[in-house]
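In: make a model of this:
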Amino acid sequence: MNWYDKAIVYQIYPKSFQDTNNDGIGDIQGVIKRLDYIKNLGFNTIWLNPIFVSPQVDNGYDVSNYFAIDPILGDMDDFTEMMTKAHKLGLHIILDLPINHTSDQHPWFKDAISNPNSIFKDYYIWHNQVDGHEPNNWGSFFGGSVWEKNPNDTNEYYFHLFDKRMPDLNWKNPEVQKSVADIAKFWLEKGVDGFRLDAFIHVAKAKLEQDSLIQGEEFPVDDTFYAKRPEVKDYLAGFVRDIKEYKPDAFLFGEASSANALNAADYTRSNENCCDVVVNSGNYGEVYDDSNPDIPSFFRTRKLSLDSLKKTYVTWESVLANISLPTLTWGNHDISRVLDRLNLPFNDDKLTKLLAMMMFLQRGIPVIYYGEEIGMHGLKYQKVSDFDDQRAVDLVNNLEKKSFDDKDILQLLNNQDEMTARGPMQWDSSEYRGFSSKQPWNWGQTDETNVSDEVKDSNSIMMFYKELLNIKKHDCFTNGDYQLLITDPKIYAYLRTTSSCSGIVLANFSDESKKFKLPDNKWKKVLANQAIKITNGVLTLDSWGCCALESKK
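Out: You can find the predicted model right below:
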């Protein structure tokens, strides 16, 4: 077993975690300041969103220098101090590594557009114009075409799946594959324990001359041509082989946002030089309100479907059972926070605890976004003009043309836009929540939730998380097989079993009491969000109640 098979991951968005130099931007010293907090809660692994030098067009995912720390976050001495102190505490650090694209300010790209004979020209994807326009009609994830003109050659376009200032790398080029592996090895030498491979499922592209057949949009987003293509595994295998030969226990955590369970299995086969685990963006049991087609799917109102959640995890747990571990998460930096996004029936600590227990005691690796452990909501902006990320700007422009009221647009944005999830960590009740003495770089209305208050309350969400993560380390909840139990439609229940012990988790997703017949009388409660009753082998859970039970064999 590898160390990462028992990973409990805490995701930190460094710009928003803790500011120590009072410029309104979080920094590496802020991470160092809070290492004891992370360790004491029960985490053993930290995932840091990108910390490399970047123009910050996409908050660090547009890298202009992979071999240095962005000055807004600190320097290499800070990084070394963080690694040393984290390792002394038994914490592993994984870095977010964008491998699909660079910044247009990266020396490779700057040389490629300024020098016709540049050796870096083939590091990127190019095509001449076709009949005076873009080479094809493929749409970018950030809106518009995937093509942008070479500023020094109006006949030529370069490919960008995301922002036009983030050109895609050409993974067909073996030199690109080697260069990306060399970047990873540099940081492994610095002590890093692994990487989240950002957007790895997009590194292969189809034949560039083929248009999409999707109708109704000038530049349709059609991932047939640039997601999960067969060549991805070939590129991935070479990279993984290089990294694992260099550091066999490096943790490779692949971001496969649109992957299904079968894709995940294909990308995590241990004998094929693959990722160790992958995470996707669709395992939240969400159903969308499709009543208004003018609203793009990303911004549509959502709610939690217990039936959908059950089907999702039955599928993922069954498919991956003998291959790899699923990742267990309610969200990350690319979507709004779960308590806002799912339009839950009420705002109550009991419900927040239920969501945590139900998700994280399943078979798999918990990945918990900073602030979830205290029940943080996302920021609430006061007007639509406060949103400046491209997807939000496009939504506002499109819906205003269709006579949507600003109040309705603002509600959609506050519930769904990812920038609301990137607000400052709420450490205390001071003006800027203990994050900084200066207004944070990303700021809006917050709630009163904070670490300082919750650490004093034995019944707080944070203290529940601390107990929960300790229970996650029990043998049955780390190593046990997984079986979803067929129960009342409003109960989410599963069994975890090893040769020596078993665990049952029960969650009542309703406002009524529910009964559950236990398999035998040997069960002991280890954690619950309310008082539970067991009479003659029948357990009763009140509304929105959850509990974890264990039994020794």
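
In: so what does residue 67 have for phi and psi?
Out: phi -110, psi 10 (degrees, to the nearest 10).

In: again with residue 534
Out: phi -120, psi 120.

In: swap in residue 395?
Out: The phi/psi pair for residue 395 (degrees, to the nearest 10) reads phi -60, psi -50.

In: show me what contacts it?
Out: Taking Cβ atoms under 8 Å, 6 or more residues apart in numbering, we find residue 395 in contact with 296, 299, 409, 412-413. For every residue, glycine as well, the C-beta is placed using N, CA and C.

In: so which of those residues wins on neighbours?
Out: residue 413 (25 neighbours; other Cβ atoms under 10 Å).

In: is it true that that residue touches residue 381?
Out: Yes. Using Cβ atoms under 8 Å, residue 413 makes contact with residue 381 at a distance of 6.9 Å.

In: joint contacts of these two?
Out: If you check residue 413 and residue 381 against Cβ under 8 Å, 6+ apart, the residues they both contact are 387, 420.

In: residue 79 touches residue 28, doesn't it?
Out: Yes. Counting by Cβ under 8 Å, residue 79 does reach residue 28; the two are 6.0 Å apart.

In: what sits in contact with each of those two?
Out: Residues touching both residue 79 and residue 28 by Cβ under 8 Å, 6+ apart: 51, 69.

In: skipping adjacent residues, who's closest to residue 229 in space?
Out: Nearest-residue entry for residue 229: residue 204, 4.0 Å, with adjacent residues in sequence omitted and distances by Cβ to Cβ, 6 or more residues apart in numbering.

In: for the one you found, give me its contacts.
Out: Residue 204 neighbours (Cβ under 8 Å, 6+ apart): 171, 226, 229-232, 235.

In: in helices, which of those appear?
Out: 231-232, 235 (DSSP state H).

In: which of those residues sits closest to residue 326?
Out: residue 232 (19.7 Å; Cβ to Cβ).

In: now that closest one: closest residue in space that isn't a chain neighbour?
Out: In this structure, residue 232 finds its nearest non-sequential neighbour in residue 204, 4.8 Å apart by Cβ to Cβ, 6+ apart.

In: and residue 466, how far is that from residue 12?
Out: Per Cβ to Cβ, to the nearest Å, residue 466 is found 18 Å from residue 12.

In: repeat for residue 117
Out: Between residue 117 and residue 12 the computed distance is 43 Å (Cβ to Cβ).

In: cool, and residue 199?
Out: For residue 199 relative to residue 12 (Cβ to Cβ), the value is 19 Å.

In: those two: which has the busier surroundings?
Out: More crowded of residue 199 and residue 12, by other Cβ under 10 Å: residue 12, with 24 against 20.

In: picking that back up, can you list the contacts of residue 204 in a markdown table and add distance to residue 321, neighbour count and pLDDT?
Out: Formatted as a markdown table, the contacts of residue 204 follow (distance: Cβ to Cβ, whole Å; neighbours: other Cβ atoms under 10 Å; pLDDT from 0 to 100):
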| residue | distance to residue 321 | neighbour count | pLDDT |
| --- | --- | --- | --- |
| 171 | 31 | 25 | 98 |
| 226 | 30 | 22 | 97 |
| 229 | 26 | 18 | 95 |
| 230 | 24 | 8 | 94 |
| 231 | 28 | 13 | 96 |
| 232 | 23 | 21 | 96 |
| 235 | 27 | 20 | 96 |
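
In: what's the closest of those to residue 220?
Out: Taking Cβ to Cβ as the measure, residue 220 lies nearest residue 226 of these, at 12.1 Å.

In: now do the same contact list for the closest one.
Out: Going by Cβ under 8 Å, 6+ apart, residue 226 touches 138, 146, 161, 202, 204-206.

In: now name the helix or strand holding the residue nearest to residue 247 when sequence neighbours are not counted.
Out: Nearest residue to residue 247, sequence neighbours excluded (Cβ to Cβ, 6+ apart): residue 188, at 4.8 Å. If you go by DSSP states H and E, residue 188 is part of helix 174-189.

In: what's the following helix or strand after that helix?
Out: Next along the chain after helix 174-189, taking DSSP H and E as the criterion, comes strand 194-198.

In: what helices or strands is that next one leaning on?
Out: Helices and strands touching strand 194-198, by 3 or more Cβ pairs under 8 Å, 6 or more residues apart in numbering; DSSP states H and E, are strand 92-98, strand 251-255.

In: between the contacts of residue 204, which is nearest residue 214?
Out: residue 226 (13.5 Å).

In: rewinding a little: closest one to residue 184 among the helices and strands packed on strand 194-198?
Out: Minimum separation from residue 184 across those (Cβ to Cβ) falls at strand 92-98, 6.5 Å.

In: what residues of the closest one count as buried?
Out: Residues 92-98 are the ones in strand 92-98 that count as buried (16 or more other Cβ atoms under 10 Å).

In: next one: stretch 435-445
Out: Along stretch 435-445, these residues count as buried under the neighbour rule (16+ other Cβ under 10 Å): 435-436, 440-444.

In: out of those residues, what pair is the most spread apart?
Out: 436 and 444 (14.7 Å).

In: and the strands in the stretch 251-400 of the chain?
Out: 251-255, 277-279, 286-288, 302-304, 327-328, 365-369 (DSSP state E, counting those that start in this stretch).

In: as TSV, these with mean neighbour count, mean pLDDT and distance to residue 462 would be great.
Out: Below are the strands of the stretch 251-400 of the chain laid out as TSV (neighbours: other Cβ atoms under 10 Å; pLDDT from 0 to 100; distance: least, Cβ to Cβ, whole Å):
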stretch	mean neighbour count	mean pLDDT	distance to residue 462
strand 251-255	25	97	25
strand 277-279	25	95	24
strand 286-288	15	91	26
strand 302-304	18	92	23
strand 327-328	22	96	19
strand 365-369	24	98	12
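
In: gap between residue 290 and residue 302?
Out: Residue 290 is 11 Å from residue 302, by Cβ to Cβ.

In: leaving out the residues flanking it, which one is nearest to residue 230?
Out: Nearest to residue 230 is residue 204, by Cβ to Cβ, 6+ apart, at 7.5 Å.

In: do you know how far that neighbour is from residue 161?
Out: Per Cβ to Cβ, residue 204 is found 11 Å from residue 161.

In: cool, and residue 450?
Out: Using Cβ to Cβ, residue 450 is found at 38 Å from residue 161.
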